[in-house]
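Trainee: fold the following for me, if possible:
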Amino acid sequence: MTRGGGRWCFCSRITVVVCCVNLLAVLYVLRSLCASIYVFSSSSPASSGLISLSGAKFSDDHVAKIVEYIRLRRAAQPIKLINVVQRLNKELINKDRHLNLSEPVKQDLANELLERLKRLGSDANSTFQRDALERWRVDKLEYVKKMMENVTLNSSLTPAEVETLKNAFESDWLTLLENIGVWIPIEVVNKEINDKPENADDPEIIPGRPVPAECHAELHTDYDGFAVRWGLTHHKESAADCCQACFDQAKHAKPGEMKCNIWVYCSSESGCYSPDIYEHKHQECWLKQADKPRLNFKDEYSESYRSLHPSAPVVVPWMSGVIG
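Mentor: I've put the predicted structure just below:
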């Protein structure tokens, strides 16, 4: 019994020693953690009045100056100019936009519209043409809305085309006209004048090759008519080339298509003024058709017209010719 009791006491002492060592190790670890937390809290940017951004430290005074600089910078931005530029960019994008319509649909719309305009007769002025155009737009919009309610009215149009036509007739009217190749001139007040521009008798140099006599070129002249080819996307190197394009279009026109008998060309390098929403550039060549060609402008814009249109120049920049 004595020997067994001595062995038990020896094991107990070893157990106590091991527990003490473990306890000391735990206390040491806890002390290290507490020391690390204290060091971090005492050296943090918040406790020292500093803010750290990407490794750099700024005081409250520096932060206040940065905020004030940002405010002044935003206040100095040309907000109005930025808005104007964005609006102009949007308008330019809209000018070049093409509607998602098939060519047969565009051709049918163009033929239907031209047929209605022909009923007005050759003596109808631009005002009557625009009124007829507006009535046709309203009628077609009502028909398209009925098609959306009852798709069996016209099976040749896809649902996407019906939706496109509805949006075009409601809010994208000019884009639709451009896509089907129809242009109606804006009504302007133009009075014939007897006086000529200064030095009008002096010969004026026309850039490019000479214009043939059969083109009947008239300087400082803009003729009215239905556009069979838009000059915005139709440029020619010279007035002679523009006139030749008119001859070629009339020669190769398909049955039922309008044949060009009027050409209008912009020979001014700075562009040509026109009372519409477009910017007309150098070398634009418009091909038009009119049974009885009529003048839009000749020689000079009148003083009364320029008082209503301050951007209009004194002399008409276009040159035109009637063929056939």
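
Trainee: show me where this structure has its helices.
Mentor: 2-43, 45-48, 60-75, 79-95, 103-118, 126-149, 159-171, 173-180, 239-252, 303-308 (DSSP state H).

Trainee: just send those back as TSV, with mean neighbour count and mean pLDDT too.
Mentor: C-betas here are computed from N, CA, C, even on glycine. TSV is the format used below for the helices of the chain (neighbours: other Cβ atoms under 10 Å; pLDDT from 0 to 100):
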stretch	mean neighbour count	mean pLDDT
helix 2-43	9	61
helix 45-48	11	46
helix 60-75	10	78
helix 79-95	10	69
helix 103-118	15	79
helix 126-149	14	77
helix 159-171	16	78
helix 173-180	18	73
helix 239-252	19	93
helix 303-308	12	86
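
Trainee: would you list those helices in CSV and tack on distance to residue 215?
Mentor: Listed next are those as CSV, based on distance: least, Cβ to Cβ, whole Å:
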stretch, distance to residue 215
helix 2-43, 89
helix 45-48, 81
helix 60-75, 58
helix 79-95, 29
helix 103-118, 26
helix 126-149, 25
helix 159-171, 36
helix 173-180, 27
helix 239-252, 4
helix 303-308, 27
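
Trainee: which one of those lies nearest to residue 289?
Mentor: helix 239-252 (8.6 Å; Cβ to Cβ).

Trainee: residues touching residue 209, list them.
Mentor: Residues in contact with residue 209 (Cβ atoms under 8 Å, 6 or more residues apart in numbering) are 238, 240, 241.

Trainee: and residue 214, how far from residue 237?
Mentor: 19 Å (Cβ to Cβ, to the nearest Å).

Trainee: repeat for residue 318
Mentor: Note on residue 318: its distance to residue 237, by Cβ to Cβ, is 17 Å.

Trainee: okay but residue 243 is in contact with residue 213, surely?
Mentor: No. Contact between residue 243 and residue 213 fails when scored by Cβ atoms under 8 Å: they sit 10.5 Å apart.

Trainee: any regions of the stretch 201-324 of the chain where pLDDT drops low?
Mentor: Low-confidence segments of the stretch 201-324 of the chain, defined by pLDDT under 70: 201-205.

Trainee: can you pull out the strands in it?
Mentor: 217-218, 221-223, 226-229, 262-266, 285-289, 295-298, 318-322 (DSSP state E, counting those that start in this stretch).

Trainee: which one, of the ones you listed, ends up nearest to residue 110?
Mentor: Among the strands of the stretch 201-324 of the chain, the nearest to residue 110 by Cβ to Cβ is strand 226-229 (10.4 Å).

Trainee: just give the strands next to the closest one in its sheet, each with its orientation.
Mentor: Using DSSP bridges, strand 226-229 pairs in its sheet with strand 285-289 (antiparallel).

Trainee: using CSV, list the CA coordinates for the strand it pairs with.
Mentor: The C-alpha trace of strand 285-289 is given here as CSV (Å, rounded to 0.1, in the frame of the first residue of the first chain):
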residue,chain,number,x,y,z
CYS,A,285,-26.6,67.8,-104.4
TRP,A,286,-30.4,67.7,-104.2
LEU,A,287,-32.4,66.1,-107.0
LYS,A,288,-36.0,67.2,-107.2
GLN,A,289,-39.1,66.9,-109.3
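
Trainee: tilt between that strand and helix 239-252?
Mentor: 40 degrees (axes from the mean of the first three to the mean of the last three Cα atoms, to 10 degrees).

Trainee: outside of strand 285-289, which residues touch it?
Mentor: Residues contacting strand 285-289 (Cβ under 8 Å, 6+ apart): 223-231, 234-236, 241-242, 245-246, 249, 258-266.

Trainee: now do the contacts for residue 237.
Mentor: 208, 283.

Trainee: please apply the same query to residue 211.
Mentor: For residue 211, the contacting residues are 217, 238, 239, 240, 243, 321, by Cβ under 8 Å, 6+ apart.

Trainee: which two from those end up farthest apart in space?
Mentor: Farthest-apart pair in the contacts of residue 211 is 238 and 321; separation 12.7 Å (Cβ to Cβ).

Trainee: of these two, which one has the most company?
Mentor: More neighbours surround residue 321 than the other of residue 238 and residue 321, with 23 against 18 (other Cβ atoms under 10 Å).

Trainee: now for that one: which residues touch it?
Mentor: Here residue 321 is in contact with 211, 215, 216, 217, 218, 239, 243, 246, 262, 263 (Cβ under 8 Å, 6+ apart).
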